[in-house]
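> just a sequence and a predicted model for now, questions to come.
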Amino acid sequence: MISIGIVDDHAIVRGGLKDFFSQHVDLRVVGEAGSGREAIDLVRCTPMDVLVMDLSMPGQSGIDAIAMIRAKAADVAILVLSGFPEEHYAMNLIRQGASGYLNKACEPIEIVDAIRTVSLGRRYLSPAVAELLAEQLTRKEAGAPHESLSKREFQVFLKLSTGETAGVIAAALSLSVKTVSTYRTRLMEKMHLASNSDLTYYAVKHNLIQ
């Protein structure tokens, strides 16, 4: 039996996934959460094999939560189920510790296949993500600027692009304001951008924020 936690800020989505998983004898939902913060509490208090998690949620997002979940529950497989296309987040999040990435437009049975795969300690690469990986391995030119960012730089970048201040970001990520400013300087240099408005424009252009 594979025990599953579901994280999505929409109760109807959680309910739909729970009903679908109940149709499979080897799957059992053991908990639900509606935010990244609740997801961290869920994995801390509830033993599970796989966490199926959305990215875009109020407060602490799924992106912010992945690193903390990895630190508190290293053995839990994290399967990201997001409305964002694979090319926007998949490779970055898999490098950060996600076990797999699926777009919500996928066939429902693919979610089950992915859960079964990651529960065995393996990565799940959908055809779309596998194609992205192949492109990264074969292309000679550099990828998009945001792909060169570290995990923390990417987190700070996304928060800055949505208008969050250094103080708010520092509190959310348990960092000092000075450290956040350092990350901002680094990511600006890597991405060859000059202002927060440039960051926002870049993020919107590349469909990294809604």
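Right, received. Where do you want to start? Numbers count the residues shown, from 1 in each chain.
> if you count neighbours, what's buried in stretch 202-210?
Neighbour counts over stretch 202-210 (16 or more other C-beta atoms under 10 Å) mark 202-203, 208-209 as buried. Every residue, glycine included, has its C-beta placed from N, CA and C.
> let me see the mean pLDDT of that stretch.
The pLDDT scores in stretch 202-210 average 82.
> now do stretch 7-27
95.
> next one: stretch 78-95
81.
> just the terminal-to-terminal distance for it.
In stretch 78-95, first residue to last residue: 12 Å (C-alpha to C-alpha, to the nearest Å).
> just give me how far that stretch sits from the chain centre.
6 Å (C-alpha atoms, centre = their mean, to the nearest Å).
> what segments of this structure are strands?
Counting by DSSP state E, the chain has these strands, from start to end: 2-7, 27-33, 50-53, 77-82, 100-103.
> output the contacting helices and strands for the second one.
When contacts are defined as 3 or more C-beta pairs under 8 Å, 6 or more residues apart in numbering; DSSP states H and E, strand 27-33 sits against strand 2-7, helix 11-21, helix 36-45.
> cool, and the first one?
Helices and strands touching strand 2-7, by 3+ C-beta pairs under 8 Å, 6+ apart, are helix 11-21, strand 27-33, helix 36-45, strand 50-53, helix 108-118.
> recalculate using a threshold of 6 Å.
strand 27-33, strand 50-53 (3 or more C-beta pairs under 6 Å, 6 or more residues apart in numbering; DSSP states H and E).
> hmm, residue 17 is touching residue 7, no?
No. Counting by C-beta atoms under 6 Å, residue 17 does not reach residue 7; the two are 10.1 Å apart.
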